[in-house]
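**Q** compute the structure for the input listed below.
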Amino acid sequence: MPQPVRPPQHLPRIQPNPLSRSALSSSVQLFTEREDGRRRTGSGVVFALAGERSYIVTTAHLLEPQVPQKVFVALPGQTERTEAQVLTINAEKDIALLETTPLRVKPVHFQEDARLGENIWVVSFPWGRRVTVVNGFVSQIAQENDNPASITRGPISLIDATVSYGTSGGGVFNGKTGNLLGIVRGYRTAKLSVPGGNGQSLSVPIAGETTVIPISDIRCQLEEAQLAHLTPIDDWASLDDGGLGCPKVTASTSGATKTN
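**A** Residues are numbered from 1 along each chain as shown. Predicted structure coming up:
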C-alpha cells in the first residue's frame, strides 16, 4: 500500500525583507502647490515620530524658490494627503526638514558608513506617479575630513542607479539592512542628438553619476536645527565622535541635474 504523504515537520522560517520592512514603510510622496498655480512633486523619507508629529527629510530644491506655497504628503498607495510644515531649509546642503501630524509609518534608521560597491535600493515617486524601487550600488564615497585615503568606506556620494524627475529626496537604502544611507539629490546627463529630430536631443542619465546627500550632512542639519534628539541614539553609535561633531565632507555635486 502507498504510504500517506506527511506534511513536513519543520518549514524554513522566512525572514522579512528589510527593504519592504524599512525602506517602503518610511518613504512618502511630496507635493507642492504655489499661489501662482504651479505644482511640483518629489519624494521624502520619514526619519522620526515624536510628540504626535512625524518628521521628514527631503531636498531643499523641491521648495525653491522659497515663495508662499503649501506642501502635502501622501503615503504609498494612498490618495489622502496630509499638509506638512517646513521646519528648516538649507539651500547649501540641499536639505529640507518637514513635520506633519502623525503618519502611520515606521521611521527609518540611519547608517552613515557605506562601502564602495555596496548594493543599494532607491525608493521614490518618479514623475509624481506610483512608488518605484530601483536597484544599484555605491559608485563613489565622499572624501571626509580632507582625507584622500577615505575612498572605499564612508559617507555616500555617488550611486549607480538610474533616476528621473520626482526622485529628489528619495531614500537610498542599504540593500541588506534597509537602513538609510542618504537621499537622492540629482543626476548627471549626457545630451544625445536624435537623428531626424530637427535639432532635438535626449538627456540620458550617466551610469554611476546619481548624486546623493549623505547621512553625515543630514545629521549635521538635524544638529543645527536642534532636532538630533529625535533619532535613536544607536543610529550614531558607530561614529567616532559620538554624533557630537559634523565632519567636513566633500561630495561630487558639480554639474548634477536636480531631479525636480
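**Q** find the nearest non-adjacent residue to the spatially most central residue of the chain, please.
**A** In the chain, the residue lying closest to the centroid (C-alpha atoms, centre = their mean) is Gly171, at 2.0 Å. Spatial nearest neighbour of Gly171, chain neighbours left out: Val45 (4.3 Å); criterion: C-beta to C-beta, 6 or more residues apart in numbering. (C-beta placed from N, C-alpha, C; glycine too.)
**Q** so for the helix or strand the one you found falls within, mean pLDDT?
**A** For Val45, the host element (DSSP states H and E) is strand 39-50. Here strand 39-50 scores 94 as its mean pLDDT.
**Q** for it, C-alpha coordinates in PDB please.
**A** What follows is strand 39-50 as a C-alpha-only set of coordinates in PDB (Å, rounded to 0.1, in the frame of the first residue of the first chain):
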ATOM      1  CA  ARG A  39       2.900  72.400  -8.800                       C
ATOM      2  CA  ARG A  40       5.800  70.100  -8.200                       C
ATOM      3  CA  THR A  41       6.300  66.600  -7.000                       C
ATOM      4  CA  GLY A  42       9.100  64.900  -5.100                       C
ATOM      5  CA  SER A  43      10.000  62.300  -2.600                       C
ATOM      6  CA  GLY A  44      10.900  62.100   1.100                       C
ATOM      7  CA  VAL A  45      11.700  59.800   4.000                       C
ATOM      8  CA  VAL A  46      10.100  59.800   7.500                       C
ATOM      9  CA  PHE A  47      13.000  59.700   9.900                       C
ATOM     10  CA  ALA A  48      11.300  60.200  13.300                       C
ATOM     11  CA  LEU A  49       8.000  60.100  15.100                       C
ATOM     12  CA  ALA A  50       7.800  62.100  18.400                       C
END
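**Q** partner strands of the helix or strand following that strand, with direction?
**A** Toward the C-terminus, strand 39-50 is succeeded by strand 53-58 as the next helix or strand (DSSP H and E). Here strand 53-58 is paired, per DSSP bridges, with strand 39-50 (antiparallel), strand 95-100 (antiparallel).
**Q** residue contacts, the residue nearest to Gly171?
**A** If you count contacts by C-beta atoms under 8 Å, 6 or more residues apart in numbering, Val45 has them with Ser26, Ser27, Val28, Ile56, Val57, Thr58, Val108, Gly169, Gly170, Gly171, Leu180, Ile183.
**Q** relative to Leu116, which of the residues you listed is nearest.
**A** Closest approach between those and Leu116, by C-beta to C-beta: Leu180, at 18.3 Å.
**Q** residues in contact with the nearest residue to the closest one once chain neighbours are set aside?
**A** Sequence neighbours aside, Val108 is the residue nearest to Leu180 in space, at 4.5 Å (criterion: C-beta to C-beta, 6+ apart). For Val108, the contact set (C-beta under 8 Å, 6+ apart) comprises Ser22, Ala23, Ser26, Val45, Val46, Phe47, Gly171, Phe173, Gly178, Asn179, Leu180.
**Q** ok, now with 6 Å
**A** Ser22, Ser26, Val45, Phe47, Leu180 (C-beta atoms under 6 Å, 6 or more residues apart in numbering).
**Q** and the third one, how close does it get to Lys70?
**A** Pointing back at Val45 there. The spacing between Val45 and Lys70, counted by C-beta to C-beta, to the nearest Å, is 20 Å.
**Q** returning to that earlier point: with distance to Leu116 as new columns, can the strands paired with strand 53-58 be given to me in a markdown table?
**A** Shown next, in a markdown table, are the strands paired with strand 53-58 (distance: least, C-beta to C-beta, whole Å):
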| stretch | distance to Leu116 |
| --- | --- |
| strand 39-50 | 23 |
| strand 95-100 | 24 |
